[in-house]
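Student: Provided below for reference: sequence and predicted model.
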Amino acid sequence: MNYILFDSDVRNSLLPFTYTRPVADIRIGVLTIREKWEKFLGFTTTSITEEYLENKYPMVELDKNILINASFLPTKNLVKQVSNLSNNQAIFKDEQVIAFFASDTQEDVDFTLYKQIECSGDVLQLKNTWDIFSLNDKAIKADYDLITQGRTSAPIPEGVHAINKENIFIEEGATISFSSLNASTGPIYIGKDSEIMEGCLVRGPFAMCEHSVLKMGAKVYGATTLGPYCKVGGEVNNSVLFGFSNKGHEGFLGNSVLGEWCNVGADTNTSNLKNNYAEVKLWDYHAERFTNTGLQFCGLMMGDHSKCGINTMFNTGTVIGVSANIFGSGFPRNFIPSFSWGGAAGFTTYQLNKVIEVAKVVMKRRELEWSEIDEKILQHVFDETAKNRAK
């Protein structure tokens, strides 16, 4: 069977992160949504996504296909239902399609002609950007069980103070020096060849992926995820870093999500609670206005390739697009469009050729090469978001 993950309408609610990736490639818990489905199914997947992303994320269609709504996170029961789908069958949850069977000859899908199967059991769905950190507790616990089932952890090194050791899993090549790991409130997963330097205090649920680094004296509260090749210091609470992003110094990051290739300058602080304890509003790209989140705690949403200078201060509920560069004193506004350059004193356009120059240097430091495909994606995002910079 051929499995295809499709974006669905939720893509617009997950901007700016879906400007540069399909919904399936959002990281929540330990794994991306795609990695979760592939691990459960035992098959690779492709995506139906925006046309400008198709060269990087191509779709493969065969005679028989099962299409899966990528905003839903897999569970054992759900995967069993999906695997058993046959012609003219679809799985629904609260009137939303989760998965359906389709052939390559179908031009349109009419679900009124399908046998509609109700999803059994509870499932997690990403509907908004803040769900990425709000659901991260449950996602880490689910991924931890999936990844570690039937496996044995590397030993906890001497000098590491560990609480609830049975809920700590260390992959091969990881190093931990004279730190504290408290898994009493949730599991702790330490990825392959990652490093926790001396003096770190970690409280689960916590996940750090391969080659990530917690720098000396870092304080991390759950539920927090560090994607691959991240470097983190200071204080972090209930935040998700997709990968290849750095918050290497002192400062607070809370109830926040950082995309890939982001950098947070030394002593940068994010507010995650308003002074009047009111509900936090976030910029809605689809509605083009601020909308309620229903949350009292909500910090920073930062799209791929965005960066901020030292001592930057972010107000509660700040949204930063793709490839923005923020610096200077004072609080910048709560919505910073993609390709913005500046701060509280005002913004100009961060020209695409300058963005690409920096991206090439940053990726080369990780022994990765900038591609023409990546450049075309950023060109599209640059053009698409011009309307936001004009406001």
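Tutor: Sure, I can see it.
Student: Was I right to think Asn128 contacts Thr293?
Tutor: Yes. Using CB atoms under 8 Å, Asn128 is in contact with Thr293, at 7.1 Å. Every residue, glycine included, has its C-beta placed from N, CA and C.
Student: Looking at these two, which one has more neighbours?
Tutor: The neighbour count for Asn128 versus Thr293, taken as other CB atoms under 10 Å, is higher for Thr293 (19 against 16).
Student: Now do the more buried one against Ile147, distance only.
Tutor: In this view, Thr293 and Ile147 are 30 Å apart by CB to CB, to the nearest Å.
Student: could you list every residue that touches Asn269?
Tutor: 251-252, 312-314 (CB atoms under 8 Å, 6 or more residues apart in numbering).
Student: And those, which two are furthest apart?
Tutor: Using CB to CB, the contacts of Asn269 span at most 11.7 Å, a distance reached by Phe252 and Thr312.
Student: out of those two, which sits in the busier spot?
Tutor: Thr312 (24 against 19).
Student: Pipe the contacts of Asn269 into TSV and attach distance to Asp9 and pLDDT per row.
Tutor: Putting those into TSV (distance: CB to CB, whole Å; pLDDT from 0 to 100) gives the following:
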residue	distance to Asp9	pLDDT
Gly251	36	98
Phe252	34	98
Thr312	33	97
Met313	34	97
Phe314	29	97
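Student: Closest to Leu31 out of those residues?
Tutor: Phe252 (26.5 Å).
Student: So what sits opposite the closest one in the bridge?
Tutor: Glu235 (DSSP bridges).
Student: Please report how far it lies from Ser239.
Tutor: Counting by CB to CB, the gap from Phe252 to Ser239 is 10 Å.
Student: who touches both of those two?
Tutor: Counting by CB under 8 Å, 6+ apart, nothing touches both Phe252 and Ser239.
Student: so what's the residue of the chain positioned farthest from its centre closest to, chain neighbours aside?
Tutor: Distance from the C-alpha centroid of the chain, by CA atoms, centre = their mean, peaks at Leu113 (35.7 Å). Among residues not flanking Leu113 along the chain, Asn88 sits closest, at 6.5 Å (CB to CB, 6 or more residues apart in numbering).
Student: Tell me how many other residues crowd the one you found.
Tutor: Using other CB under 10 Å, Asn88 is surrounded by 15 other residues.
Student: now stretch 5-25: mean pLDDT?
Tutor: In this model, stretch 5-25 has a mean pLDDT of 97.
Student: Can you dump the C-alpha atoms of it in PDB for me?
Tutor: Presented in PDB, the C-alpha positions along stretch 5-25 are these (Å, rounded to 0.1, in the frame of the first residue of the first chain):
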ATOM      1  CA  LEU A   5       0.200  12.600   4.000                       C
ATOM      2  CA  PHE A   6      -1.800  15.600   3.000                       C
ATOM      3  CA  ASP A   7      -1.800  19.100   4.400                       C
ATOM      4  CA  SER A   8      -5.600  19.900   4.700                       C
ATOM      5  CA  ASP A   9      -6.900  23.300   5.600                       C
ATOM      6  CA  VAL A  10      -5.100  23.300   8.900                       C
ATOM      7  CA  ARG A  11      -1.900  24.400   7.000                       C
ATOM      8  CA  ASN A  12      -3.000  28.000   7.200                       C
ATOM      9  CA  SER A  13      -3.300  27.900  11.000                       C
ATOM     10  CA  LEU A  14       0.200  26.500  11.200                       C
ATOM     11  CA  LEU A  15       2.000  29.300   9.500                       C
ATOM     12  CA  PRO A  16       4.800  30.500   9.600                       C
ATOM     13  CA  PHE A  17       6.100  27.000  10.100                       C
ATOM     14  CA  THR A  18       4.200  25.600   7.000                       C
ATOM     15  CA  TYR A  19       5.700  28.300   4.700                       C
ATOM     16  CA  THR A  20       8.800  26.100   4.400                       C
ATOM     17  CA  ARG A  21       7.500  22.500   5.000                       C
ATOM     18  CA  PRO A  22       4.400  20.300   4.700                       C
ATOM     19  CA  VAL A  23       2.400  19.800   7.900                       C
ATOM     20  CA  ALA A  24       3.800  16.300   8.100                       C
ATOM     21  CA  ASP A  25       7.300  17.600   8.700                       C
END
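Student: Buried residues, it. List them.
Tutor: The neighbour-count check on stretch 5-25 (16 or more other CB atoms under 10 Å) flags 5-8, 10-11, 13-25 as buried.
Student: so Leu146 makes contact with Trp37?
Tutor: No. The pair Leu146 / Trp37 is not scored as a contact, 11.1 Å apart, by CB under 8 Å.
Student: need the helices for the chain, in chain order.
Tutor: Along the chain, counting by DSSP state H, helices occupy 33-41, 76-83, 131-134, 136-148, 352-365, 372-384, 386-389.
Student: quick one: contacts for the residue lying closest to His305 once chain neighbours are set aside?
Tutor: Spatial nearest neighbour of His305, chain neighbours left out: Ser323 (4.3 Å); criterion: CB to CB, 6+ apart. Ser323 sits next to 303-306, 338-339, 350, 355, 359, 378, 381-382 when contact means CB under 8 Å, 6+ apart.
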